[in-house]
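*Asks:* give the three-dimensional model of this entry:
(chains A and B)
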Number of protein chains: 2
Amino acid sequence: MKQLKISNNVIRRLPRYLRALEELKAEGADRVSSSSLGEKMGLTSSQIRQDFSCFGEFGQQGYGYNVKDLSTEIASILGTDRGFSLVVVGVGNIGRALIESFCFAQYGFELAAAFDIREELVGKVINGVEVKNVYDYKQVLEGKKIDAAVLSVPKRLANEAANAIADLGIKAIWNFTNVELSIENPNVIVEDIHFSDSLLTMSYYLAESIDINDSDSNKQEKM
Amino acid sequence: MKQLKISNNVIRRLPRYLRALEELKAEGADRVSSSSLGEKMGLTSSQIRQDFSCFGEFGQQGYGYNVKDLSTEIASILGTDRGFSLVVVGVGNIGRALIESFCFAQYGFELAAAFDIREELVGKVINGVEVKNVYDYKQVLEGKKIDAAVLSVPKRLANEAANAIADLGIKAIWNFTNVELSIENPNVIVEDIHFSDSLLTMSYYLAESIDINDSDSNKQEKM
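*Replies:* Okay, the predicted model is just below:
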């Protein structure tokens, strides 16, 4: 069913579709048209139909989409039913915040273990997860299939830790270090959360809004 | 110079261009062609020329771009020279991590203050920034121009805090709460860091890589 080589832009819109559909479900909606889904998300209905056509047919012309079915389908395309498991590597502020309050299970991920190198953290239990010494990884992970790692170590350790994770055969790294990782194994999937890109985007819109206001008041002064 | 209504996709590529150019600068490169910049970023050279054409002319046909000038220009378009200032609202794990290790100044933002509601945090100094009681905001912010707020409060407080920030006249919110904010003032710029969208994108690529491997081994078995 799933086709390969779908553009990254389409893939990155899927979680947004899923969020919009979950909201519609929560509001009690049964069906949604591509135009009202588009309005909710700031997309055109033809864009939506084009995105969905990458994965086959989800709706019926003139009837819109069944909200529950479509969200189940998109969640499945995103792999939330695959039973993935992950470990957190680095239980500093970010790692701890994710363990404490990010609902991995909601997105289909089992949080299997957490590791740190600092003795004062090893043995602590955060939200039911015990922090293990990173050097005990073999013993802790024995017999477990781990698909991904959250990388939340300090910057200076980022590349070393990423390569060690890759050497364990873990296939994907969710990178919170704000470092562009250099991983020797080219097959490792790296998903960056680049805080700086997001802040700079906000900065652009802030600058733009100030420019618009300034030009509006200049116009008023000239009138 | 700056034109309005440039598409969000173009805007979101600007910080990526800036990162690529900073890397080139660090490697000692003086000039870069649109094709080698494209190769570095996984874009076509015509895409790059099209993006840059939104902001006027940056390069000279056949000579490529001056790395330093182009990065200065893009940084300026992104507003890093505007002298923006921000406050952190909510000094939990995420807020603390940002104050401790995110280099706001590198992106042109002055971190002016940090607020929390919890008495045990008020008065603590993190990376030179003293945590203030959120109820003292008037006194703390008096005479200061604050452009943006980092919102890093617990989910249940997200909307209340966001609206309070908007009521202070702060124009932009960098939202780390993983909540879709409902802010009454429609002019407030909200930049979400949606952790779930990023995790689900990684999940998709993980599922895809497993499917490819499975289909490869099926093919081998049949041979």
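*Asks:* distance-wise, check the residue nearest to A:Asp192 when sequence neighbours are not counted relative to A:Ile94.
*Replies:* The shortest distance from A:Asp192 to any residue other than its chain neighbours is 4.7 Å, reached at A:Asn175 (C-beta to C-beta, 6 or more residues apart in numbering or on different chains). In short, each C-beta sits where N, CA and C put it, glycine included. In this structure, A:Asn175 and A:Ile94 are separated by 11 Å, where distance is defined by C-beta to C-beta, to the nearest Å.
*Asks:* who has more neighbours, those two?
*Replies:* Between A:Asn175 and A:Ile94, A:Ile94 has the larger neighbour count (other C-beta atoms under 10 Å in any protein chain shown), namely 26 against 23.
*Asks:* list the contacts of the more buried one.
*Replies:* Contact partners of A:Ile94, counting by C-beta atoms under 8 Å, 6 or more residues apart in numbering or on different chains, are A:152, A:176, B:93-94, B:97.
*Asks:* would you say it is within a strand?
*Replies:* No: residue assignment for A:Ile94, taken from DSSP: H, G, I helix; E, B strand; the rest coil, gives helix, which places it outside any strand.
*Asks:* how many neighbours does the nearest residue to it once chain neighbours are set aside have?
*Replies:* Nearest residue to A:Ile94 in three dimensions, chain neighbours excluded: A:Ser152, at 4.4 Å (C-beta to C-beta, 6+ apart). Counted with other C-beta under 10 Å, the neighbours of A:Ser152 add up to 27.
*Asks:* pop the domain breakdown of chain A in here.
*Replies:* Residue ranges for the domains of chain A, per automatic domain parsing: A:8-77, A:84-192.
*Asks:* now do the shortest one, average pLDDT.
*Replies:* What it means is domain A:8-77. The predicted model gives domain A:8-77 an average pLDDT of 90.
*Asks:* just the last one next, same as before
*Replies:* Averaging pLDDT along domain A:84-192 gives 95.
*Asks:* by contact count, what packs against the helix or strand encompassing A:Ser215?
*Replies:* Here A:Ser215 sits within helix A:195-222, counting by DSSP states H and E. Using 3 or more C-beta pairs under 8 Å, 6 or more residues apart in numbering or on different chains; DSSP states H and E as the contact criterion, the elements in contact with helix A:195-222 are helix B:8-26, strand B:172-175, strand B:189-192.
*Asks:* out of the ones you listed, deepest packed?
*Replies:* For these, the largest average neighbour count (mean count of other C-beta atoms under 10 Å in any protein chain shown) is found in strand B:172-175, namely a mean of 25.
*Asks:* can you tell me the strand partners of that one and which way each runs?
*Replies:* Using DSSP bridges, strand B:172-175 pairs in its sheet with strand B:148-151 (parallel), strand B:189-192 (parallel).
*Asks:* ok, back up a step: of the contacts of A:Ile94, closest to A:Tyr135?
*Replies:* Taking C-beta to C-beta as the measure, A:Ser152 is the one of the contacts of A:Ile94 closest to A:Tyr135, at 17.9 Å.
*Asks:* before we move on, the earlier item: and the strands paired with strand B:172-175: which comes nearest B:Arg12?
*Replies:* The stretch from these with the least distance to B:Arg12 (C-beta to C-beta) is strand B:189-192; that distance is 10.4 Å.
*Asks:* chain center to the closest one: distance?
*Replies:* For strand B:189-192, the separation from the chain centroid amounts to 10 Å (computed by C-alpha atoms, centre = their mean, to the nearest Å).
*Asks:* please write out the alpha-carbon positions of that strand in PDB.
*Replies:* These are the backbone C-alpha positions of strand B:189-192, laid out as PDB (Å, rounded to 0.1, in the frame of the first residue of the first chain):
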ATOM      1  CA  ILE B 189       2.700  35.400  16.300                       C
ATOM      2  CA  VAL B 190       2.900  31.800  17.500                       C
ATOM      3  CA  GLU B 191       5.800  29.600  16.600                       C
ATOM      4  CA  ASP B 192       5.300  26.100  17.700                       C
END
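*Asks:* quick one: contacts of it?
*Replies:* Contact with strand B:189-192 is made by A:198-199, A:201-202, A:205-206, A:209, B:162, B:171-175, B:180-181, B:183, as judged by C-beta under 8 Å, 6+ apart.
*Asks:* okay, the domains of chain A, which one's buried deepest?
*Replies:* With neighbours defined by mean count of other C-beta under 10 Å, none of the domains of chain A is more surrounded on average than domain A:84-192, at a mean of 18.
*Asks:* touching chain B at all, stretch A:130-137?
*Replies:* No: between stretch A:130-137 and chain B, judged by C-beta under 8 Å from any C-beta of the partner chain, nothing touches; the nearest distance is 14.1 Å.
*Asks:* and the end-to-end length of that stretch?
*Replies:* Stretch A:130-137 has an end-to-end distance of 13 Å (criterion: C-alpha to C-alpha, to the nearest Å).
*Asks:* contacting residues around it?
*Replies:* Contact with stretch A:130-137 is made by A:89, A:91, A:113-117, A:119, A:121-125, A:140, A:168, as judged by C-beta under 8 Å, 6+ apart.
*Asks:* out of those, flag the one nearest to chain B.
*Replies:* Sorting the contacts of stretch A:130-137 by how near they are to chain B, with C-beta to the nearest C-beta, puts A:Val91 at the top with 10.1 Å.
*Asks:* surely the closest one and A:Ile117 touch.
*Replies:* No: with contact defined as C-beta atoms under 8 Å, A:Val91 does not count as touching A:Ile117 (9.5 Å).
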